[in-house]
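>>> A structural model of the following input is requested.
(2 chains)
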Amino acid sequence: MSAKLVRLYGVGKQYAPKRFALKDVTFDLDRGEFAFVTGVNGSGKTTLLKLLFAMERATAGTIMVNNRDVSTLPKGGVPQYRREVGYVFQDFKLLADLTVSENVGLPLDVRKMRREEIEFRVRGVLSLVGLAERGADYPSALSGGEQQRVAIARSIVGKPMLLLADEPTGNLDARNAREIMTLFREIHEMGTTVLIATHDEALMEEFPARVIELAHGAISSDRQSGTGGGR
Amino acid sequence: MTMSPLKRSLKDFRRHPWLHLVSVATVTLALLILGSFLLFTRNIEEIAERTSPEITGTVYLRDGMSEGSIEGARARILALDGVSAAVFKSRAKVVADLEGILGGASSGSLRDAELFPDVFEVGLKAGSSPIVIKAVSDAMKSFAEVADVDFSDDWLAHYRRLRRGLEIVGWVLLIGLLVGCSFIIANFMGMRHQSRRAEIDVVRLMGGSNGYVFRPFLWEGILEGVLGSGVALCILYMGTSLLATVVKVSWGGLLGDRAWTFLTAPQASLLFAVGVAMAVAGSLTVFLRFHSESAR
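Purely as a prediction, here's the structure:
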């Protein structure tokens, strides 16, 4: 098994002539690595994550995830691929008329997993995110921070090899943002490769990790964030 | 905790009751029209069958036939397939009958005239087809004793052509109506599809296949079809019972006790299946729309 889980080589995304969202992006992520993607608004962070999650197709280059070429993934192979990758959205994307447990169990339900297995796993991840008692509640009864925890629980319930998070703390206050970031650290320590898009410099300083910075769709720096302890 | 497709469908029934109600009502309406057409056709056919007069024709005999020849011809006519009766009428009887019709106004001239030959009045079995009529007619024409045969089958052919034409028009109208109803159902499903766009998107992002997304729509189609068809059959049954009572009271003496009946079990089953198929066709349309959107 290769030590590299993610390999991007010369990746580009062009929406219109002379309108590049990403240009010649090349980097690797090791298995079990924790990294941030940062940059100002419009720098290409979200596009990069979307390409990695097969929500969009690269117009140039190669994207390999777990030795699979995502850039040429056939349409029929996308659902299966997405079951192996977790994604946390900035706006949570929880379904309002499903309970917390049903929302979290959705990725397992689409895999036709047995009901008992789903219940067991959902209980486990809800405990991990500190919402063990809120399974029967609906998302509208939760705070923003709690909703983001539910979204994280949903993204990891399928035990993904790679977890992508797009501005997961963007809608949260500083305290909740810190708690969510701590949760990502815990998930990472369990062996999951984590890539988080954020422009929150303070959080990156508080949680030292590799930082890939994008500017105008290209990598402008690849560095290590501050050594201030985040835990 | 798991969300079976049926459970997801039922949840949507609670969430958008009016949209589902309109779809169910569309299926019901379509089946009421189709069912009424079937009921009308079936009962009118039966009544027509029960009250239809015997098909009769006239066989004109050549002049100077002996009694033996006439009896021989009668026996051969009766032996033909499809013939139910053959009654001999002498020239004198024909004239007397005609005089009866004309009220004796021209009795003298008629009696002296050599206009009328001896004839057989031949009856055919009820419901004989034009092919049978033609076969019997041709067979009788080939007999040496027979001068001509007249079954007045022109009007019968016209009547049958007209009935066939009306049937075709009826079926074309029905098919058009069913296609229209499927279209309406598909549009309502399309509206629900739009209202569930966010949910569908999230399910797809969680790795849900097209099949996983489509199954609730399929269940909705089946449920709407079953509900719509069930309601339509109940209304048709009640309407038939009511009409049967009216027909029995008004024309029972002429048409008998079972003058107006409900659809046969196969017909009712077919109607039910058509309703479900229509609603499922609506679901399928939504799925194809969804599929083409996701392929863009």
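
>>> From the rest of the structure, what touches stretch A:48-67?
Residues from elsewhere that reach stretch A:48-67 (CB atoms under 8 Å, 6 or more residues apart in numbering or on different chains): A:2, A:4-14, A:22, A:24-26, A:37, A:47, A:69-71, A:73, A:78, A:81-82, A:84-85, A:87, A:161-162, A:164, A:166, A:195, A:197, A:214, B:205. Yep, even glycine has a C-beta here, placed from its N, CA and C like the rest.

>>> Would you map the helices across chain A?
Assigned by DSSP state H, the helices in chain A fall at A:45-52, A:78-82, A:100-109, A:115-128, A:144-156, A:174-189, A:201-206.

>>> Packing partners of the second one?
The reference is to helix A:78-82. If you count contacts as 3 or more CB pairs under 8 Å, 6 or more residues apart in numbering or on different chains; DSSP states H and E, helix A:78-82 packs onto no helix or strand.

>>> And for the last one?
For helix A:201-206, the contact count by 3+ CB pairs under 8 Å, 6+ apart identifies strand A:34-38, helix A:174-189 as packing neighbours.

>>> what does the longest one rub up against?
Which is helix A:174-189. Contact partners of helix A:174-189, identified using CB under 8 Å, 6+ apart, comprise A:32, A:34, A:128-129, A:143-145, A:148-149, A:152, A:156, A:163, A:165, A:168-169, A:172, A:194, A:196, A:200, A:202-203, A:206-207, A:230-231.

>>> which among the residues you listed end up buried?
Neighbour-count burial (16 or more other CB atoms under 10 Å in any protein chain shown) applied to those gives A:34, A:128-129, A:145, A:148-149, A:152, A:156, A:163, A:165, A:168-169, A:172, A:194, A:196, A:200, A:203, A:206-207, A:230.

>>> interface residues of the stretch 101-250 of chain B facing chain A?
Within the stretch 101-250 of chain B, the residues that sit near chain A (CB under 8 Å from any CB of the partner chain) are B:198-199, B:201-209, B:212.

>>> How far off centre is stretch B:26-33?
Computed by CA atoms, centre = their mean, to the nearest Å, the chain-centroid distance of stretch B:26-33 equals 18 Å.

>>> contact partners of that stretch?
With contact meaning CB under 8 Å, 6+ apart, stretch B:26-33 is reached by B:174, B:177-178, B:181, B:184-185, B:188, B:224-225, B:227-229, B:231-233, B:235-236, B:271, B:274-275, B:278-279.

>>> residue closest to the middle of the chain?
If you meant another chain, say so; for now it's chain A. Nearest to the mean C-alpha position of chain A, counting by CA atoms, centre = their mean, stands residue A:164 at 1.6 Å.

>>> Let me rephrase: I mean chain B.
Note: chain B centre (CA atoms, centre = their mean) maps to residue B:41, 4.1 Å.

>>> Sticking with that residue, tell me its helix or strand.
In this assignment (DSSP states H and E), residue B:41 forms part of helix B:17-51.

>>> now that helix: mean pLDDT?
Here helix B:17-51 scores 81 as its mean pLDDT.

>>> Tell me which residues of it come out buried.
By neighbour count on 16+ other CB under 10 Å, the buried set for helix B:17-51 is B:19-20, B:22-35, B:38-39, B:42-43, B:46-47.

>>> same thing with stretch B:141-155?
Quick answer for stretch B:141-155 (16+ other CB under 10 Å): B:143, B:145-146, B:149, B:151, B:153.

>>> Reformat the residues you listed into TSV and put secondary structure, distance to residue B:163 and pLDDT next to each item.
Formatted as TSV, the buried residues of stretch B:141-155 follow (DSSP: H, G, I helix; E, B strand; the rest coil; distance: CB to CB, whole Å; pLDDT from 0 to 100):
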residue	secondary structure	distance to residue B:163	pLDDT
B:143	coil	32	89
B:145	coil	36	87
B:146	strand	31	89
B:149	strand	25	88
B:151	coil	18	78
B:153	helix	15	63
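
>>> Just the closest of those to residue B:57, please.
Taking CB to CB as the measure, residue B:57 sits nearest to residue B:151 out of the buried residues of stretch B:141-155, at 3.5 Å.

>>> show me what contacts the closest one?
For residue B:151, the contacting residues are B:55-58, B:124, B:133, B:136-137, by CB under 8 Å, 6+ apart.

>>> hang on, the earlier thing: would you list the helices and strands packed on helix A:201-206 in JSON lines and tack on distance to residue B:266?
Listed next are the helices and strands packed on helix A:201-206 as JSON lines, based on distance: least, CB to CB, whole Å:
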{"stretch": "strand A:34-38", "distance to residue B:266": "66"}
{"stretch": "helix A:174-189", "distance to residue B:266": "61"}
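
>>> Just name the most buried of these.
Highest mean neighbour count of those: strand A:34-38, a mean of 23 (counted as mean count of other CB atoms under 10 Å in any protein chain shown).

>>> Next, the angle helix A:45-52 makes with it.
Interaxial angle, strand A:34-38 versus helix A:45-52 (axes from the mean of the first three to the mean of the last three CA atoms, to 10 degrees): 130 degrees.

>>> now what about strand A:34-38, what contacts it?
The contact list for strand A:34-38, computed with CB under 8 Å, 6+ apart, reads A:29, A:45, A:48-49, A:184-185, A:188, A:193-199, A:201, A:204, A:209-214, A:225.

>>> Point out the residues in chain A that sit beside chain B.
A:53, A:55, A:75, A:79-83, A:87, A:93-95, A:97-99, A:101-102, A:105-107, A:109-111, A:115, A:118-119, A:122, A:154, A:158.

>>> next helix or strand past the lowest-mean-pLDDT helix or strand in chain B?
Ranked by mean pLDDT, DSSP states H and E, the weakest helix or strand in chain B is helix B:107-112, scoring a mean of 58. Scanning forward in sequence from helix B:107-112 by DSSP H and E, the next helix or strand is strand B:119-124.

>>> Walk me through which strands that following strand pairs with, and which way each runs.
Strand B:119-124 sits in its sheet next to strand B:55-61 (antiparallel), strand B:83-89 (antiparallel), going by DSSP bridges.

>>> Contacts only, for the residue in the stretch 51-200 of chain B positioned nearest to chain A.
Chain A sits closest to residue B:199 of the stretch 51-200 of chain B, with a gap of 5.6 Å, by CB to the nearest CB. Residue B:199 makes contact with residue A:95, according to CB under 8 Å, 6+ apart.

>>> Can you give me the distance of it to residue A:39?
32 Å (CB to CB, to the nearest Å).

>>> Residue A:130 now?
The spacing between residue A:130 and residue A:39, counted by CB to CB, is 31 Å.

>>> What of residue B:65?
In terms of CB to CB, residue B:65 sits 115 Å off from residue A:39.

>>> do the same with residue B:185
49 Å.

>>> Then residue B:13?
46 Å.

>>> got the helices of chain A as TSV, with mean pLDDT and distance to residue A:136 columns?
Shown next, in TSV, are the helices of chain A (pLDDT from 0 to 100; distance: least, CB to CB, whole Å):
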stretch	mean pLDDT	distance to residue A:136
helix A:45-52	95	32
helix A:78-82	92	27
helix A:100-109	94	7
helix A:115-128	93	11
helix A:144-156	93	13
helix A:174-189	91	22
helix A:201-206	91	32
